[in-house]
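Q: here is a sequence with its predicted model. Questions after.
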Amino acid sequence: MENLPKIIQPNAITTAKYDYSVTEKRIIYHIIKNVQEKMSKGMDETLFGDLVLSIPISELVSHENYRRVQDGLISLRKKSFLIITDIDPTGKGEHGWLDVGFINYSKYDRNSGLVKFQVSGELMPYLLELAKGFTSYSLMVALSLKSEYSQRFYEFCSRFKDTGVWNISVQDLKDMLNLSDKYPFFANFKDRVLEIAKKELKSLYDKGECDLWFSYTEHKTGKKVTDLRFKIVSDKNIKALISKPSEMQFISDELRKIYPNEREQEFIKSALNQLFNKSALSKFAKRLEELDEEVVLGTKKRSDLPPLIRYILKADYGIS
């Protein structure tokens, strides 16, 4: 798997909210791949404007089904792509957002066999911003997946492949998949989304055609499944399913749920570093699990956790 061509996708895009068909997403994969190739050759400020790409139509669809490409490009131009940003446009502390389409126009020349795209300049900073983290995944795998949910979960899992664990609420996951108003019953969401993606990735992994797959456990608040913990098995962390999830990752995920504001992120980083230096990760992770259990049982409220955890860190570990 290591020799497969790869593309690098910014996490702002991996975690964005959108709903694209398999064909549309394949077009997006090619756009990102071409942007990456241009980046590797060097770039200047002009790349932050609208970028025009020319791609052989044969690379976008098999069996010369070119009408599918046309339909996908027309649909892709009309669809919105929502990125929740860390920008504060109001000065009042709210997060910002960007609503943009991937392409402004497309056209096809039968003589050359090329499709020409214009990629939105508003999207370019998110494609070019290397410093904020990327998802690296195999282009061949992404292009081979038949389900749009398999494509999205492949991206999600690629982002957390190194740690082997990913925690997320059911509602946040549905929001990212643009399914907020669908599948009100978790059993339907599980059967029609989670299991479809899991089975396709596992099948390709078993055949040596994919570099990862995932399993997941359900966590309930009362009788309702509210949170999911994914364990990612890859060529790099084949023992992920039977090993304990990274304590550092677990604590990081939990604290970010409890302290979601951007201004609190420095506090989280400082706490993690100090817990690591004091060899206290295991002890504190266990305490977080106990607190979570108390919330589930109703003996504590989730709103109690932010001040309580700050008190515990200061009183028990000397961290403020």
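A: That came through fine.

Q: ok, which stretches of the stretch 1-150 of the chain are strands?
A: 6-10, 51-56, 81-85, 96-100, 103-109, 114-119, 134-138 (DSSP state E, counting those that start in this stretch).

Q: point out where the stretch 51-200 of the chain drops to low pLDDT.
A: Along the stretch 51-200 of the chain, segments meeting pLDDT under 70 span 62-64, 84-95, 128-137.

Q: what segments of it are helices?
A: 66-78, 124-128, 139-144, 148-159, 170-176, 186-189, 195-206 (DSSP state H, counting those that start in this stretch).

Q: CSV for the strands of the stretch 1-150 of the chain, including mean neighbour count and distance to D191?
A: Every residue, glycine included, has its C-beta placed from N, CA and C. Formatted as CSV, those follow (neighbours: other CB atoms under 10 Å; distance: least, CB to CB, whole Å):
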stretch, mean neighbour count, distance to D191
strand 6-10, 20, 28
strand 51-56, 16, 36
strand 81-85, 17, 27
strand 96-100, 14, 31
strand 103-109, 15, 34
strand 114-119, 19, 36
strand 134-138, 19, 25
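
Q: can you redo these as TSV with distance to Q274?
A: Compiled in TSV, the strands of the stretch 1-150 of the chain are given as follows (distance: least, CB to CB, whole Å):
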stretch	distance to Q274
strand 6-10	30
strand 51-56	44
strand 81-85	29
strand 96-100	31
strand 103-109	46
strand 114-119	43
strand 134-138	28
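
Q: ok now do R68, which residues does it touch?
A: Counting by CB atoms under 8 Å, 6 or more residues apart in numbering, R68 makes contact with T23, V61.

Q: look up how far I57 lies from it.
A: 10 Å (CB to CB, to the nearest Å).

Q: what of L297?
A: For L297 relative to I57 (CB to CB), the value is 58 Å.

Q: nearest to I32, of the helices of the stretch 51-200 of the chain?
A: helix 124-128 (6.7 Å; CB to CB).

Q: counting by contacts, list what the closest one packs against.
A: Here helix 124-128 touches helix 11-14, helix 22-40, going by 3 or more CB pairs under 8 Å, 6 or more residues apart in numbering; DSSP states H and E.

Q: ok, V115 touching V61?
A: No: in this structure, V115 is not within contact of V61 by CB atoms under 8 Å, at 10.3 Å.

Q: what residues are shared contacts of the two?
A: V69.

Q: per the annotation, how does the chain divide into domains?
A: 1-143, 145-245, 247-317 (automatic domain parsing).

Q: in the stretch 201-320 of the chain, where is pLDDT below threshold?
A: Using pLDDT under 70, the stretch 201-320 of the chain drops low at 235-246.

Q: ranges for the strands of it?
A: 212-221, 224-234.

Q: nearest to L275, out of the helices of the stretch 51-200 of the chain?
A: It's helix 148-159; of the helices of the stretch 51-200 of the chain, that one is closest to L275 (CB to CB) at 23.4 Å.

Q: who are the packing partners of that closest one?
A: By 3+ CB pairs under 8 Å, 6+ apart, helix 148-159 packs against helix 11-14, helix 22-40, strand 134-138, helix 139-144, strand 165-169, helix 195-206, strand 212-221, strand 224-234.

Q: which residue lies farthest from the center of the chain?
A: Distance from the C-alpha centroid of the chain, by CA atoms, centre = their mean, peaks at N111 (38.7 Å).

Q: give me the phi and psi for it.
A: The phi and psi values for N111, taken as degrees, to the nearest 10, are phi -60, psi -40.

Q: that one and I57, how far apart?
A: Counting by CB to CB, the gap from N111 to I57 is 12 Å.

Q: on that earlier part again, the helices and strands packed on helix 124-128: lowest mean pLDDT?
A: Lowest mean pLDDT within the helices and strands packed on helix 124-128: helix 11-14, at a mean of 69.
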